[in-house]
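Novice: what follows is a predicted protein model with its sequence.
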Amino acid sequence: MSEIVYETSNQVAVIRINRPEASNAVNSQVMAELPEALERAANDASVRAVLITGTGDRSFVAGGDLKEFHDTLHSAEDVYKKWSVMRQILYRIATFNKPVVAGLNGAVRGGGAELAMACHFRVASSKASIGFVQVKLGISPGWGGAALLARTVGMQRARWLLLSGQVLEAAEAEGLGLVDRVVSSLTFMPDALQFAGELAANPPDAVQGILEMMRTAEKLDLAASMELESRLCASLWNSEPHQAAIDRFLKKRK
Ligand SMILES: CCCC(=O)SCCNC(=O)CCNC(=O)[C@H](O)C(C)(C)COP(=O)(O)OP(=O)(O)OC[C@H]1O[C@@H](n2cnc3c(N)ncnc32)[C@H](O)[C@@H]1OP(=O)(O)O
């Protein structure tokens, strides 16, 4: 692997897009290597959460590599085929069965913002900024990020962000619910790892079950999604982590 660095820290897999000379823009090589890194994290039972970030402190991901793609993608069909590959990668992330956190270490632009929205959570450096700037370039999101954005912040806020191309500072993005936590730029990586580590520390069957339930619930009516919740909790009732938690609770009271 060259454009993606894969490391583990405790139970967290860190997947780092490593093109600082190009503001970590996504090129074909990143698109080829990202799925390998994701499958490595999926298949390693010791990995319980994933942190996707970029090298350095200037950019998370500056979007698609404008230089490569303008040289190589000429027709609408070329673009559709290429973006379909990236859309499938974002779908894999959005439906991952371990929590995926985007570590926004700097500028997040265009497709970089779409990638961030595919993750289940976003932790931002106080120096990060985020903009769906595609409209300023006369295009639209193409990797599925608009749909993901609307599900996170609601249709009206998504419409404004996508049509204005406004670049938000981290604190403003947090206010809109786009970012889950803003941390100091000086302690970004330890703080992002701690955020992911807190998710990794919870019992994996419960975490996986809740992730899957929340995803399925989006497609169901209220009664069906509430019923699904009862089923999930029932299936976890006799699990070892729940029994151990109850033992600890009862022992404290003796
Ligand atoms: C095509 C798919 C859909 C999309 O993603 S559309 C959105 C595309 N992205 C953008 O318009 C963002 C363009 N970049 C920027 O605004 C700024 O570079 C950014 C990310 C705020 C970072 O600013 P700075 O930290 O000041 O860095 P800088 O501007 O000096 O750039 C450093 C080197 O990175 C390069 N770079 C930045 N964004 C890139 C991109 N998307 N594709 C390819 N190369 C990109 C930039 O050209 C520069 O390299 P060089 O020094 O010119 O060799």
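Specialist: That came through fine. It should be emphasised that the depicted structure is a prediction, and the values quoted were computed from it without experimental measurement.
Novice: what about Ala124, which helix or strand?
Specialist: Using DSSP states H and E, Ala124 falls within strand 121-125.
Novice: which elements pack onto the following helix or strand past that strand?
Specialist: Toward the C-terminus, strand 121-125 is succeeded by strand 129-131 as the next helix or strand (DSSP H and E). Judged by 3 or more C-beta pairs under 8 Å, 6 or more residues apart in numbering; DSSP states H and E, the packing partners of strand 129-131 are strand 107-109, helix 111-118, strand 167-169, helix 170-175. To be clear about C-beta, it is placed using only N, CA and C from the backbone, and glycine gets the same treatment.
Novice: so is Val47 in a helix, a strand, or just coil?
Specialist: With DSSP: H, G, I helix; E, B strand; the rest coil as the basis, Val47 sits in coil.
Novice: for Val50, give me its contacts.
Specialist: Residues near Val50 by C-beta atoms under 8 Å, 6 or more residues apart in numbering: Val12, Ala13, Val14, Ile15, Leu38, Ala41, Phe96, Lys98, Pro99, Val100, Val101, Ala196.
Novice: can you give me the strands for the stretch 151-254 of the chain?
Specialist: Using DSSP state E, counting those that start in this stretch, the strands of the stretch 151-254 of the chain run over residues 167-169, 181-183.
Novice: need the contact partners of the helix or strand where Ala147 lies.
Specialist: Using DSSP H and E, Ala147 falls within helix 145-153. Outside helix 145-153, the residues within contact range by C-beta under 8 Å, 6+ apart are 90, 94, 111, 113-115, 117-118, 132, 140-141, 158, 161-162, 176-178, 218.
Novice: those: which ones sit near the ligand?
Specialist: Gly111 (C-beta under 6 Å from any ligand atom).
Novice: mark which of the contacts of helix 145-153 are buried, thanks.
Specialist: Among the contacts of helix 145-153, those classed as buried by 16 or more other C-beta atoms under 10 Å are 90, 94, 111, 113-115, 117-118, 132, 141, 158, 161-162, 176, 178.
Novice: who does the residue in the stretch 151-254 of the chain that the ligand sits nearest to form a beta bridge with?
Specialist: As assessed by C-beta to the nearest ligand atom, the ligand sits closest to Val167 within the stretch 151-254 of the chain, at 8.2 Å. For Val167, the beta-bridge partners are Gly131 (DSSP bridges).
Novice: so Ile52 is in which element?
Specialist: With DSSP H and E as the test, Ile52 turns up in strand 49-54.
Novice: switch the strands of the stretch 151-254 of the chain over to CSV; also include mean neighbour count and mean pLDDT.
Specialist: What follows is those, written out as CSV (neighbours: other C-beta atoms under 10 Å; pLDDT from 0 to 100):
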stretch, mean neighbour count, mean pLDDT
strand 167-169, 18, 98
strand 181-183, 19, 98
